[in-house]
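*Asks:* Here is a sequence together with a model predicted from it:
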Amino acid sequence: MLLFSSYYDLELLYSLYLKFWAETLLYFRNFTLYISLWFFCYILVCCVVYRRYARRLPTRTRGSLRAKRVLVVVAHPDDECMFFGPTIFRLCEQGADVHLLCLSNGNFEGKGHIRRQELWDACEELGIPDKNICLINDTRLRDNPKINWPVPVVAKLIQRQLEMLDVDTLVTFDRGGVSSHVNHSAVFYAVAYMFVEKIMPTRCTVYTLDSVNILRKYLGFFDLPLSFVLSSKRYFLRWTESRRVVRAMKRHKSQMVWFRHLYVCFSRYMVINTLRRISLTDIELELEVDD
């Protein structure tokens, strides 16, 4: 009797074991099906947005800032391609007079003299004339992720360029600096300082480049629907146009290590830029968050 009972218990356990694995496999099969369906629908949405809103819209009205003379402020040579490529490309195409202020020569690895020439070569590819490039070589603004640049110094350099060039639109990093590099963020804080100290020219409209989470950052083309929904000012490049930004980035030969090749392939910033117009009120809210 005892033997029969043990046998019955083993048979029951075995049937429960089989039932557990059958339900687990069914769950994973359904989960995979739902994820695949969601992914297919999302790709379909990307294609629809690309075809309906991005590909067909007239080039000169797509995401236009209505800017005549623009100053793009970056921290290092290659920032203009890695992060601002679509904006610079489209502004040049729309006929804006685009100027670039680069606040360091990128001498972190002792290649400052090489990176200087690479900057000029990359800007030629993007459409910025040589005379519109200003590269700062100041010992107080060294390319180093561990050094905080003095905000008043950066603000003074930006102010001088804005007034000298009579700029109507300024484009630069937001507080996150896209990659959380402290030199990038220093540019934003310099702009914030200019607003707070009321030395920002009144006729100058300021836009910052949106920093996004790491998932969106490497979605590339697939971030297009989110960019259209979440941002009103956006620059998107078609496949043929994005190749020009890629060529410009590859002019920075000293920086093209293996992970930057991956960045060029997958980063949304090579094909999409979303911008946000900021004012003194926005700056005060940002600074409150920091406090």
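*Replies:* Looks like it came in fine.
*Asks:* Sticking with V70, tell me its helix or strand.
*Replies:* Using DSSP states H and E, the element containing V70 is strand 69-74.
*Asks:* Following that strand in sequence, what is the next regular element?
*Replies:* Downstream of strand 69-74 (by DSSP H and E), the next one is helix 79-82.
*Asks:* Please name every helix or strand in contact with that following helix.
*Replies:* The contact analysis (3 or more Cβ pairs under 8 Å, 6 or more residues apart in numbering; DSSP states H and E) places helix 79-82 against strand 97-102, helix 112-126, helix 239-250. Every C-beta, even on glycine, is put in place using the N, C-alpha and C of the backbone.
*Asks:* can you give me the strands for the stretch 101-250 of the chain?
*Replies:* Taking DSSP state E, counting those that start in this stretch as the test, the strands found in the stretch 101-250 of the chain are 133-135, 169-173, 205-209, 233-236.
*Asks:* Can you give the contact residues for the first one?
*Replies:* It refers to strand 133-135. Strand 133-135 is contacted from outside by P77, H99, L100, L101, C102, N105, R116, L119, W120, C123, Q161, using Cβ atoms under 8 Å, 6 or more residues apart in numbering.
*Asks:* would R276 count as being in a helix?
*Replies:* No: with DSSP: H, G, I helix; E, B strand; the rest coil as the criterion, R276 is located in strand rather than a helix.
*Asks:* On the strand side of things, show who it bridges to.
*Replies:* Judged by DSSP bridges, the bridge partners of R276 are T208.
*Asks:* That one: neighbour count?
*Replies:* Residues lying near R276 (other Cβ atoms under 10 Å) number 15.
*Asks:* Kindly provide the distance from it to K19.
*Replies:* Distance, R276 to K19, using Cβ to Cβ, to the nearest Å: 54 Å.
*Asks:* returning to what we had before: the strand holding V70 - which strands sit beside it in the sheet, and in what orientation?
*Replies:* strand 97-102 (parallel), strand 169-173 (parallel).
*Asks:* Any idea which of those gets closest to C46?
*Replies:* Minimum separation from C46 across those (Cβ to Cβ) falls at strand 169-173, 25.9 Å.
*Asks:* contact partners of the closest one?
*Replies:* By Cβ under 8 Å, 6+ apart, strand 169-173 touches 65, 67-75, 83-84, 87, 96, 158, 162, 184-185, 187-188, 191, 204-209, 211, 275.
*Asks:* Only C-alpha atoms, please: export that strand in CSV.
*Replies:* What follows is strand 169-173, C-alpha atoms only, in CSV (Å, rounded to 0.1, in the frame of the first residue of the first chain):
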residue,chain,number,x,y,z
THR,A,169,20.0,82.4,-33.3
LEU,A,170,22.2,80.5,-30.8
VAL,A,171,22.3,76.7,-30.8
THR,A,172,24.2,74.7,-28.2
PHE,A,173,24.0,71.9,-25.6
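*Asks:* Distance from it to the middle of the chain?
*Replies:* Centroid separation for strand 169-173 versus its chain: 13 Å, with Cα atoms, centre = their mean, to the nearest Å.
*Asks:* Same check on stretch 132-145?
*Replies:* With Cα atoms, centre = their mean, you get 21 Å for stretch 132-145.
*Asks:* Now do the same contact list for E118.
*Replies:* E118 neighbours (Cβ under 8 Å, 6+ apart): P77, D78, R251, H252, K253, S254, Q255.
*Asks:* What separation do you get for the last one and V182?
*Replies:* Computed with Cβ to Cβ, the distance linking Q255 and V182 is 18 Å.
*Asks:* can you check the fifth one too?
*Replies:* Spatial separation of K253 from V182 under the definition Cβ to Cβ is 26 Å.
*Asks:* coming back round to it: can you tell me which of the helices and strands packed on helix 79-82 comes nearest to T24?
*Replies:* Of all the helices and strands packed on helix 79-82, it is helix 239-250 that lies closest to T24, at 42.2 Å by Cβ to Cβ.
*Asks:* Any idea how far the helix with the most length in the chain is from the middle of the chain?
*Replies:* Looking across the chain with DSSP state H, the single longest helix is helix 2-49. Offset of helix 2-49 from its chain centre (Cα atoms, centre = their mean): 40 Å.
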